[in-house]
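> When you get a sec, could you give me coordinates for this:
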Amino acid sequence: MLERLRRHLAVLGLTHTSEHLEAYLDWATRERPAPSALLDRVFGEQAQVKHERRIERRIEMSGLPERKTLEGFDWAFQPGLDRSVVMELGHLAWVGRQEDLILTGKSGTGKSHLLMAFGLRACQQGLSVRYARCVDLLDDLYAGLADGSYHTRLKRWCAPALLIIDDVGLGQVKKREDEPTAAHTLYNLLDRRHTHAATAITSNIKLSSWGRYLGDPTVAAAILDRLSMRALRLDIDGPSYRQHVGQDRARKHGATAPADDTTDP
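Just a heads-up that it's a prediction; the model follows:
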């Protein structure tokens with residue numbers, strides 16, 4: 001009987017139940033639960049394992065570089081940031097409404113941490129997520145122009161319920177002759193996602209500087225026009241956490257950390 005049960009479970013793909021079959025049978029013999037309670041325990045645990053595996057698969061496919069959480073954010077270091085607003089955003093109702101989110105502020109203020117935390121929560125809620133730095137996303141689409149896979153790549157970027165585009169303004173956007181500007185490429189993507197899926201963006205430069213960074217002020221203005229229609233905006237005006245960590249480490253070693261002389265174009 002035990003072997004027949006294992007074969008049935010193998011056919012059904014219930015590996016967790018098969019691995020713990022004897023423990024379930026011992027528990028049932030000892031506790032004598034009602035049939036419904038036994039089924040609830042067996043299939044409930046199998047369902048939970050499957051649910052956790054799906055979450056893990058979504059996280060792995062998302063491209064999130066780190067598994068950041070809102071609970072791990074250093075709120076004390078950014079006292080000017082309204083925690084209640086961020087936690088409300090963390091419920092991800094805006095993703096369900098297919099709205100966009102723009103986080104602005106200098107480098108090191110926690111923008112990427114927050115968006116990665118939102119992305120992780122979205123995966124946990126069963127939503128498809130894809131993360132990329134702006135320069136990497138553009139390079140991927142440009143590669144599609146070169147090898148003929150542009151439309152396939154574009155569909156992949158359009159598909160997720162939440163697309164996270166990190167660090168607009170960081171990294172060099174390559175200028176390619178006889179090819180669309182970075183602004184045109186980004187516009188083509190965001191225009192397809194507009195009102196159909198949520199896009200979250202961080203920018204280390206002023207929005208007015210997007211035209212210079214992306215290579216076309218007119219098209220960059222069109223991008224911002226699309227975003228302004230349904231986008232939530234949060235600006236983090238505070239110090240750099242990385243500078244803080246560097247200065248603290250330097251003090252412990254009796255050294256001097258490099259001064260923060262970065263400016264926002």
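
> Ile50 is in what secondary structure piece?
Wrong residue type there; residue 50 is Lys, not Ile. Secondary structure from DSSP states H and E places Lys50 in helix 35-62.

> ugh, wrong one, I meant Leu189
helix 182-193.

> Where do the strands of the stretch 51-200 of the chain begin and end?
100-104, 129-133, 162-168, 198-203 (DSSP state E, counting those that start in this stretch).

> domain assignment for this protein?
The record's domain parsing of the chain by automatic domain parsing lists 2-60, 63-252.

> model confidence over the shortest one, on average?
In other words, domain 2-60. Mean pLDDT, computed over domain 2-60, is 93.

> Check stretch 121-137 too.
Rounded mean pLDDT across stretch 121-137 is 96.

> isn't Gln125 right up against His91?
No: using Cβ atoms under 8 Å, Gln125 makes no contact with His91, being 9.5 Å away. For the C-beta atoms, the positions are set from N, CA and C on the backbone; glycine is no exception.

> Now for those two: what residues contact both?
With contacts defined as Cβ atoms under 8 Å, 6 or more residues apart in numbering, no residue is shared by Gln125 and His91.

> So which of the two has more stuff around it?
Gln125 (16 against 12; other Cβ atoms under 10 Å).

> list the contacts for the more buried one?
Leu92.

> measure it to His51 for me?
Distance of Gln125 to His51, given as Cβ to Cβ, to the nearest Å: 11 Å.

> Comparing the domains of the chain, which stretch has the densest surroundings?
domain 63-252 (a mean of 17; mean count of other Cβ atoms under 10 Å).

> What backbone torsions are found at Ala231?
Main-chain torsions, Ala231, degrees, to the nearest 10: phi -100, psi 140.

> partner residues bridging it?
Asp100 (DSSP bridges).

> Identify the residues contacting stretch 217-232?
89, 94, 98-102, 181, 183-184, 186-187, 190-191, 194-195, 199, 201, 207, 210-211, 213-214.

> if we go to 6 Å?
94, 99-102, 183-184, 187, 190, 194, 207, 210-211, 214 (Cβ atoms under 6 Å, 6 or more residues apart in numbering).

> ok, these vs Ser62, which is closest?
Lowest distance from Ser62 to those (Cβ to Cβ) belongs to Leu101, with 16.2 Å.

> sorry, back to before: tell me the angle of the helix holding Lys50 relative to strand 129-133?
Helix 35-62 and strand 129-133 are oriented at 20 degrees to each other (axes from the mean of the first three to the mean of the last three Cα atoms, to 10 degrees).

> Next, the distance between the ends of stretch 168-185.
14 Å (Cα to Cα, to the nearest Å).

> can you check stretch 8-26 too?
Counting by Cα to Cα: the opening and closing residues of stretch 8-26 are 19 Å apart.

> what sits against the residue positioned nearest the centre of the chain?
Closest residue to the average C-alpha location of the chain: Gly119 at 3.0 Å, with Cα atoms, centre = their mean. The contact partners of Gly119, taken as Cβ under 6 Å, 6+ apart, are Leu64, Val129, Tyr131, Ile164.

> With Ala197 instead?
Gln98, Ala161.

> cool, and the one 4 residues further on?
By Cβ under 6 Å, 6+ apart, the residues touching Ile201 are Ile102, Ile165, Val168.

> Figure out which of the strands of the stretch 51-200 of the chain is closest to Tyr150.
Per Cβ to Cβ, nearest to Tyr150 of those: strand 129-133, 15.9 Å.

> How about residues contacting the closest one?
Ser62, Gly63, Leu64, Gly119, Ala122, Cys123, Pro160, Leu162, Leu163, Ile164, Asp166, Asp167.
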